[in-house]
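>>> no letters, just coordinates:
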Ligand code: HEM
Ligand SMILES: [Cu+2]
Ligand SMILES: [Cu+2]
């Protein structure tokens, strides 16, 4: 029976590795990365995948080999040392168990070093994505980010933008030291309001002022590798820089380029339906054209269709 | 049955009656078995809830005939509200009413006195009370399903402000999780609170018993791994539980008395309703909750690790490799376990610089887990492996715990966690460590100690069938969840949508659900084997059927009141398997004097 069980374990582990290897090829894999930091996140994922993959194959391999080699045999008298029939390639690996003290030190220190490396490797990426002090680095001089204010509620994202005039003003503000309005972006009577839509421009940093007025929600842009909970009573800054666009001149999504903005934290019975969209425009002009369109609708009292739908 | 004074035997007052013996028993073995049965029943209930969850995920629009009576408005379709309720209560029941009572309640109670050579726990009455405090908890957990508005639906983590009260003083206990869910949440809080009281009484008892009541010669470093694990688990529980209790009381007060521990100064708005200002922070709950619940995940794995270590050594007929290293790893896991709670909060709005610190601590906690894995492998080397059912579940534990430990590293890495936090990757991780590890350890323990408990064996053949199917279907059910998570399937959603529906990923969901249903059905084999063997199993008359070394096997089978007929004296550690001169067997019980060099010293 021992052979059967080692075979079962072996097959299972091969299948596990197989699924991970095959999945990307059949499209069962992560969505494409489209922001400045997204591929850095993905690279870290792959580094860990490779390290843990090697570790997985090693340990499971040794386990299966040991199960195979030392399966009990009826002719083995109690207390006899099992000769074992380890396959050749695994013998040097398994022989490490013969020198308990050395090997114990080795298998503590080597994984410790690898783990410490894995930990350290994360820090700079994490800092660049989440430390407020690093955000400024992404913003070139004389430019201000695209600012918006996202206020979450059960079960939608309400988004507020500066109108075109104020946007222009903000673009120059970075030069006027000390008066960086985009850091606060307090409400204005002429702000532009949309629901469940976040708009951005290719290669331009976006700064989201994230808040919620009822329960915890999580602002999640899979294609941007962004996820941040919104906390009641707090305003949390979130930023990212998209590096490709997904809409045409008219602001319509290109085929196959629907970029969702789901809520990732359980927020009640409508959590599943709390999904917005991200629109990344090719140029600043496209963005301004879209903004002007919404402004006009708002002034004429014809709300954008999405807002109407969301209120129903 | 009433016994009239004239016919009662003279010594009747020594023998407790039926109630005293089997119901309000103070005997640790009976209490252990009571915990065992209670947890088994809840394993069934939790399992059914899990299957409802999986049915909804695979076929979101299916009209289920038998549910038509319960969801008349929906023609038998599971609603989003009901779905939230199901996964919340699935997790709550599995964690608080299955895994923890199984490991600490059932095995802790049954094994600790027997394995250290004591006649009972230090505080038998407290022990009984610890079991009976489970019942009010169970009462609340079950009552929640029948209160107006249904059970809690804010996840087993019950984050405010979704879970906590939102209305001002005197305006009721509504929760925003879904309309009318306030009473369910109240029941949830009371249930968790009472389970905590029960666990606390247990852990005080375990710590005292292990420190004070060991048999002569049973030094700390001669204790079996099961006992070491129980000991450290009990300490973990004693230190971490008060924090959860405080958090639960805070939320109860927010809910019923209008306090505002978790309500921010700006208050909350629901539609046109404004809650009024608060004086607290929702994030406080997460800190308190995870300060308990991260150690709690170790409470749910360490005893299983101990059990598996003992079983592996027994059936490999080899000394446990690196006994001391194993103990230090457990202690290391427990110690580090107190400074990693923030890894559940990387994306929560906690200062990201704290996240960096928590990340490094969390990644390092994988080290003691790795060391333990290597030691288990080392134990098999040059063994003479007996593939009995408990051994198979233990080997399954080792092989699948590796998966759960490794997936932990992905989520511990903060930038990668941005991607996989709150996706099915987490769900895969949870189930590899809790189902295919903790529960495998529990199954191993049941098959292993069953002869001692009931004086009969469970069927080995059906045990193997059970293992084979559980191992295969367990992997079918939980491994694809990693892929679903990488492909951005959010957790806690009732209906897969978005990217999941493209590219055929929903087929993977259907595959997972079918496997899960099969996995659930397979457990019926176990149930029949378990219940049937109590009455019809092959009799076990020997004291030591597995030729093991630890003290419980030197007691009569099943042990009577007071456990040992011959008071045990311990001469050496529990892992002496090998060749002994002048001895036909390859084991040396802890009560047997050694002749010559011990196997654990030669390797
Ligand atoms: C190698 C060791 C481990 C590491 C590095 C690790 C790491 C993590 C991390 C970072 C998370 C949070 C993921 C997120 O929400 O984004 C997590 C979640 C979780 N872990 Fe582990 N883990 C380990 C072992 C375990 C063990 C042994 C158990 C239980 C027996 C466990 C049970 C859980 C549970 C239940 C959750 C999910 C909690 C929830 O959000 O509902 N983990 N783990
Ligand atoms: Cu949500
Ligand atoms: Cu944790």
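Looks like it arrived, so ask away. Note that the coordinates shown come from a computational prediction; the quantities given were computed from them, not determined experimentally. Numbers count the residues shown, from 1 in each chain, chains lettered A, B, ... in the order given. Ligands and ions are numbered 1, 2, ... in the order given.
>>> host element of whichever residue of chain B sits closest to chain A?
Nearest to chain A, among the residues of chain B, is residue B:264, at 2.3 Å (Cβ to the nearest Cβ). C-beta: built from backbone N, CA, C; applies to glycine. Following DSSP states H and E, there is no helix or strand that holds residue B:264.
>>> next, count neighbours for the closest residue to it other than its chain neighbours.
Counting by Cβ to Cβ, 6 or more residues apart in numbering or on different chains, residue A:233 is the residue found nearest to residue B:264 once chain neighbours are left out, at 2.3 Å. Here the count is done by other Cβ atoms under 10 Å in any protein chain shown, and residue A:233 has 21 residues near it.
>>> so residue A:233 makes contact with residue B:283?
No: using Cβ atoms under 8 Å as the test, residue A:233 is too far from residue B:283 to be in contact (9.1 Å).
>>> buried stuff in whichever strand or helix holds residue B:126?
Secondary structure from DSSP H and E places residue B:126 in helix B:124-132. Neighbour counts using 16 or more other Cβ atoms under 10 Å in any protein chain shown place B:124, B:127, B:128, B:129, B:130, B:131 of helix B:124-132 among the buried residues.
>>> show me what it packs onto, helices and strands only.
When contacts are defined as 3 or more Cβ pairs under 8 Å, 6 or more residues apart in numbering or on different chains; DSSP states H and E, helix B:124-132 packs onto helix B:28-58, helix B:182-212.
>>> quick one: closest of those helices to residue B:506.
Residue B:506 lies closest to helix B:28-58 among the helices and strands packed on helix B:124-132, at 8.0 Å (Cβ to Cβ).
>>> how far does that closest one sit from the chain's center?
Taking the mean of its C-alpha atoms, helix B:28-58 sits 11 Å from the chain's own mean (Cα atoms, centre = their mean, to the nearest Å).
>>> and the angle from that helix to helix B:182-212?
140 degrees (axes from the mean of the first three to the mean of the last three Cα atoms, to 10 degrees).
>>> distance check, the residue nearest to residue B:264 against residue A:186.
In this view, residue A:233 and residue A:186 are 17 Å apart by Cβ to Cβ, to the nearest Å.
>>> can you check residue A:4 too?
To residue A:186, residue A:4 is 70 Å away according to Cβ to Cβ.
>>> so between those two, which is more surrounded?
A count of neighbours by other Cβ under 10 Å puts residue A:4 above the other of residue A:4 and residue A:186, at 12 against 8.
>>> which residue ranges of the stretch 201-350 of chain B form helices?
B:225-256, B:282-299, B:302-316, B:323-336 (DSSP state H, counting those that start in this stretch).
>>> pLDDT score for the residue in the stretch 201-312 of chain A that ligand 1 sits nearest to?
When distances are taken as Cβ to the nearest ligand atom, the stretch 201-312 of chain A reaches nearest to ligand 1 at residue A:227, 9.3 Å away. pLDDT, residue A:227: 96.
>>> number of residues surrounding residue B:257?
11.
>>> what of residue B:517?
Using other Cβ under 10 Å, residue B:517 is surrounded by 17 other residues.
>>> one more: residue B:601?
Neighbours around residue B:601, by other Cβ under 10 Å: 11.
>>> can you give me the buried ones in the strand or helix carrying it?
In the assignment (DSSP H and E), residue B:601 maps to helix B:599-602. With burial defined by 16+ other Cβ under 10 Å, the residues of helix B:599-602 counted as buried are B:599, B:600.
>>> that one near chain A anywhere?
No: using Cβ under 8 Å from any Cβ of the partner chain, no contact is recorded between helix B:599-602 and chain A, whose separation bottoms out at 8.8 Å.
>>> and if you look at stretch B:284-295?
No: for stretch B:284-295 and chain A, the contact criterion (Cβ under 8 Å from any Cβ) is not met; the two come no nearer than 9.0 Å.
>>> what separates that stretch from the chain centre, distance-wise?
Chain-centre distance of stretch B:284-295: 18 Å, with Cα atoms, centre = their mean.
>>> tell me the mean pLDDT for the host helix or strand of residue B:473?
In this structure, residue B:473 sits in helix B:460-486 according to DSSP H and E. In this model, helix B:460-486 carries a mean pLDDT of 96.
>>> in terms of secondary structure, what does it contact?
Packing partners of helix B:460-486 (3+ Cβ pairs under 8 Å, 6+ apart): helix A:2-22, helix B:389-412, helix B:424-433, helix B:440-454, helix B:505-536.
>>> rerun at 7 Å
Helix B:460-486 sits against helix A:2-22, helix B:389-412, helix B:424-433, helix B:505-536, with contacts defined as 3 or more Cβ pairs under 7 Å, 6 or more residues apart in numbering or on different chains; DSSP states H and E.
>>> ok, is the longest one in contact with chain A or not?
Right, helix B:505-536. Yes: shown here: helix B:505-536 in contact with chain A (Cβ under 7 Å from any Cβ of the partner chain) through B:505, B:508.
>>> let me see the mean pLDDT of that helix.
Averaged over helix B:505-536, pLDDT sits at 95.
>>> try the first one
Mean pLDDT, helix A:2-22: 93.
>>> helix or strand right after that helix?
Under the assignment DSSP H and E, the closest C-terminal helix or strand after helix A:2-22 is helix A:38-69.
>>> buried ones in that next one?
For helix A:38-69, the buried set under the neighbour-count rule, 16+ other Cβ under 10 Å, comprises A:38, A:40-42, A:44-45, A:47-49, A:51-53, A:55-56, A:59-69.
>>> ok, residue A:125 - contacts?
Contact analysis of residue A:125 by Cβ atoms under 7 Å, 6 or more residues apart in numbering or on different chains lists A:37, A:40, A:41, A:44, B:415.
>>> do the same with residue B:493
A:271, A:272.
>>> Three-state assignment for it, please.
In three-state terms, and counting by DSSP: H, G, I helix; E, B strand; the rest coil, residue B:493 is coil.
>>> phi and psi next, for it.
phi -110, psi 140 (degrees, to the nearest 10).
>>> repeat for the one 4 residues further on
For residue B:497, the backbone dihedrals are phi -150, psi -180 (criterion: degrees, to the nearest 10).
>>> so what's the residue count around it?
The number of residues packed near residue B:497 is 17, by other Cβ under 10 Å.
>>> so for chain A, the centremost residue is which one?
residue A:225 (3.2 Å; Cα atoms, centre = their mean).
>>> ok, the nearest residue to residue B:298 once chain neighbours are set aside to residue B:143 distance?
Using Cβ to Cβ, 6+ apart and skipping the chain neighbours, the partner closest in space to residue B:298 is residue B:337 (4.9 Å). To residue B:143, residue B:337 is 33 Å away according to Cβ to Cβ.
>>> list the contacts for residue A:193?
Residue A:193 makes contact with A:158, A:160, according to Cβ under 7 Å, 6+ apart.
>>> doesn't it belong to a strand?
Yes: applying three-state DSSP, one finds residue A:193 inside a strand.
>>> ok, it to ligand 1 distance?
Applying Cβ to the nearest ligand atom, to the nearest Å, the value for residue A:193 to ligand 1 is 33 Å.
>>> beta partners of that residue?
With DSSP bridges as the criterion, residue A:193 is bridged to residue A:160.
>>> tell me the pLDDT at it?
92.
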